[in-house]
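Student: this is a predicted model, with the sequence first.
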Amino acid sequence: MTRGNQRDVDRKRSANRAKGGPKDKASEGDRLKKQMSDAERMRQKQVEAEHRKSKENKASVEAPKLVKPPKLEPIVVAPVKVKQLPKK
C-alpha cells in the first residue's frame with residue numbers, strides 16, 4: 001500500500017469517527033459493571049476450587065491409596081571364565 005493510499009484511508013476513518021461524535025459516559029458505567037460482575041464470578045470460582053481441593057485432601061488423608069511395587073525380573077549373568085595369570 002502506498003503512502004497516498006494510506007492517507008486516504010486514514011482520512012475516511014477519521015471522518016467516520018467524527019460523525020459518531022464524542023462517546024457518552026453511559027458506556028463507561030456499563031464497563032465498570034461488567035468488570036465488577038467478572039470479578040465476583042472469579043471470586044466464586046476460587047472459593048469452589050478451594051472447597052474442591054479441601055475435599056480431595058480430606059479424602060486422601062482418610063483412605064491412602066496403596067501402590068504396588070513394580071515387579072522385578074531376576075538378572076541372569078552368564079558364567080565367565082577367569083584366566084589365571086602365571087606366577088613369577
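Tutor: In hand now; what should we look at? Numbers count the residues shown, from 1 in each chain.
Student: checking K71 next. Helix, strand or coil?
Tutor: Here K71 is recorded as coil under DSSP: H, G, I helix; E, B strand; the rest coil.
Student: from R31, how far out is it?
Tutor: Noted for K71: a distance of 62 Å to R31, by Cβ to Cβ, to the nearest Å. Heads up, the C-betas are built off the backbone N, CA and C, glycines and all.
Student: what's the answer for R7, then?
Tutor: Distance of R7 to R31, computed by Cβ to Cβ: 33 Å.
Student: and P74, by the same measure?
Tutor: As judged by Cβ to Cβ, P74 and R31 stand 71 Å apart.
Student: counting neighbours, go ahead and name the busier of these two.
Tutor: Counting neighbours by other Cβ atoms under 10 Å for P74 and for R31 shows that R31 has the greater number, 10 against 5.
Student: sec struct for the more buried one, please.
Tutor: Counting by three-state DSSP, the backbone at R31 sits in helix.
Student: and it, what pLDDT?
Tutor: At R31, the pLDDT value in this model is 83.
Student: got it, and R52?
Tutor: On the pLDDT scale, R52 gets 91.
Student: what do you get for the one 10 residues further on?
Tutor: At E62 the predicted local distance difference test score is 65.
Student: how about the one 3 residues further on?
Tutor: K65 carries a pLDDT score of 71 in this model.
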